[in-house]
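K.L.:
Dropping a prediction and its sequence here:
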Amino acid sequence: MRGLQIFYRGLCTLSNRQARRKTGIVGSRCGFCGIQSNSKPQPNFGLLFDIDGVLVRGRMPIPAAKKAFEKLVDSQGQFVVPVVFVTNAGNCLRQTKADQLSHILGVPITQDQVIMSHSPLRMFKKFHDKCVLVSGQGPVLEIAKNVGFKNVVSIDMLRESFPLLDMVDHNRRPKLPSNPVSNLPKVEAVVLFGEPIRWETNLQLIIDILLTNGNLSSVHLTQNTPHLPLLACNMDLMWMAEAHSPRFGHGTFLVCLENIYKKITGKDLKYDALMGKPSELTYHFAEYLIRFQVMQRQWKQPITSLYAIGDNLMTDIYGANLYNRYLDERVARKNPKAIAKMVTATGSTTAVPQEEEIDNLWESELAMPSATSCKSVLVCTGVYNPNAAVPCDANHIIKETVFHGHRDFRFDPALVEPGHIVQDVAEAVELIFEQEKFVPQ
């Protein structure tokens with residue numbers, strides 16, 4: 001727990017003062033710093049907000065977002081309930097995303113209120129000293145080091161050392177004969193942050209790394225099993241930007257990678273971990289942040305309910321309902337029969353870590369949730385199309401609905417059924433306050 005306390009110690013630091021300055025809030029305090037007066041109502045619930053399709057579309061804020069957050073912040077600039085932003089984006093640091101949200105919403109947001117798809121990688125300490133290949137876009141080397149990796153290699157670094165491997169784009173092929181420059185250490189694991197810019201380059205070099213066991217100077221070994229450890233963040237097949245229809249996400253890139261690997265080797269690509277929504281690892285992490293905020297505010301009531309607000313049935317709603325199922329059955333962590341039941345229901349072994357894995361990944365406070373429920377709220381401002389609703393008859397759902405979730409998560413009609421459907425995030429906040437009979441002062 002000590003390491004986690006150090007990790008989250010920044011709640012009342014410079015980053016908060018910067019957030020206040022950027023939002024133009026003068027004289028207000030950090031949204032989660034200071035002592036909450038006992039005379040004010042204290043919440044027993046927390047809110048988990050998706051970002052794309054809920055608060056913004058691309059770079060354009062959704063009008064209802066500011067209206068919603070006017071209800072969530074008091075006159076001193078403090079949040080009246082604990083709030084965490086849970087995004088599957090993975091192309092920037094948490095502080096960068098917090099600054100963007102502060103500007104969009106007009107309220108001070110700190111990095112300790114933001115979970116990127118790669119945030120749980122901090123807990124995978126057994127990989128932190130290994131040489132890892134990272135794929136994605138944005139400052140991938142900085143992101144990797146920020147979450148704990150000490151020895152990092154990028155796709156660009158591989159391409160520079162082995163210029164003959166990237167051959168799809170004729171204009172990028174070497175003009176003169178060149179030899180490999182073997183100045184890189186052997187890759188020991190692969191970490192996928194998000195969709196890259198040049199898919200053909202990343203697909204080729206990741207496959208090369210997996211089929212050579214990290215040694216690009218050797219030939220492909222298609223019968224080499226098991227392959228190097230593989231950790232992936234963000235399983236979104238599609239996401240909502242400014243366009244009228246959803247755009248390809250990292251989940252689409254993973255589909256390409258999985259199918260290429262299987263076509264070449266005849267075997268399934270195996271993941272050591274899948275992070276980001278709908279993985280329960282991400283919701284564990286989010287609830288920990290909620291509880292930490294409650295502790296910072298010195299609120300006395302424990303958080304017993306979480307509300308996850310999102311626009312995507314296959315990530316936001318599936319993930320919230322999956323975590324709610326975990327909360328209902330967390331006794332299963334010590335019950336092999338119940339674990340088998342959860343695996344059968346979700347079709348995911350990576351979504352249900354074994355007990356010894358939990359001990360390694362999540363320290364005691366993080367592994368022991370206080371919430372007893374995680375309720376899903378679907379908005380109609382993003383990926384979800386209210387004109388193509390999921391059929392009510394479960395017998396027809398499997399036949400009529402195309403599953404956009406990841407390969408390792410089985411389609412379960414119950415997991416894509418939202419607890420509530422509202423028009424936008426402002427209506428979502430109103431609904432939750434009514435459900436909880438919460439009246440901020």
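P.N.:
It's in.
K.L.:
Quick check: residue 406 is in a strand.
P.N.:
No: using DSSP: H, G, I helix; E, B strand; the rest coil, the secondary structure at residue 406 is coil, not a strand.
K.L.:
list the contacts for it?
P.N.:
The contact partners of residue 406, by C-beta atoms under 8 Å, 6 or more residues apart in numbering, come to 235, 251, 254, 274. Using the backbone N, CA and C atoms, a C-beta is placed for each residue, glycine as well.
K.L.:
go on, residue 202?
P.N.:
135, 155, 196, 253.
K.L.:
let's see it at 7 Å
P.N.:
Taking C-beta atoms under 7 Å, 6 or more residues apart in numbering, we find residue 202 in contact with 135, 155, 196.
K.L.:
One more: residue 58?
P.N.:
Residue 58 neighbours (C-beta under 7 Å, 6+ apart): 241, 242.
K.L.:
Low-confidence stretches in the chain?
P.N.:
Along the chain, the parts satisfying pLDDT under 70 run over 1-39, 176-182, 331-367, 388-401.
K.L.:
Show me the longest helix that occurs in it.
P.N.:
helix 280-297 (DSSP state H).
K.L.:
where along the stretch 301-441 of the chain do the helices fall?
P.N.:
318-328, 336-346, 355-361, 364-367, 394-400, 425-436 (DSSP state H, counting those that start in this stretch).
K.L.:
The longest helix of the chain packs against which elements?
P.N.:
strand 83-86, strand 114-115, helix 318-328 (3 or more C-beta pairs under 7 Å, 6 or more residues apart in numbering; DSSP states H and E).
K.L.:
That one: which residues count as buried?
P.N.:
Going by neighbour count (16 or more other C-beta atoms under 10 Å), the buried part of helix 280-297 is 280-294, 296-297.
K.L.:
report the angle between the axes of that helix and helix 318-328?
P.N.:
70 degrees (axes from the mean of the first three to the mean of the last three C-alpha atoms, to 10 degrees).
K.L.:
one step back: pick the most deeply packed of the helices and strands packed on helix 280-297.
P.N.:
strand 114-115 (a mean of 26; mean count of other C-beta atoms under 10 Å).
K.L.:
What is the subsequent helix or strand relative to it?
P.N.:
Proceeding C-terminally, strand 114-115 gives way to strand 131-135 as the next helix or strand, assigned by DSSP states H and E.
K.L.:
Please enumerate residues in contact with that following strand?
P.N.:
140, 144, 149, 151-155, 158, 185-193, 196, 202, 206, 209.
K.L.:
got the contact list for the closest residue to residue 46 other than its chain neighbours?
P.N.:
Spatial nearest neighbour of residue 46, chain neighbours left out: residue 290 (3.8 Å); criterion: C-beta to C-beta, 6 or more residues apart in numbering. Residue 290 sits next to 46, 82, 84, 303, 306 when contact means C-beta under 7 Å, 6+ apart.
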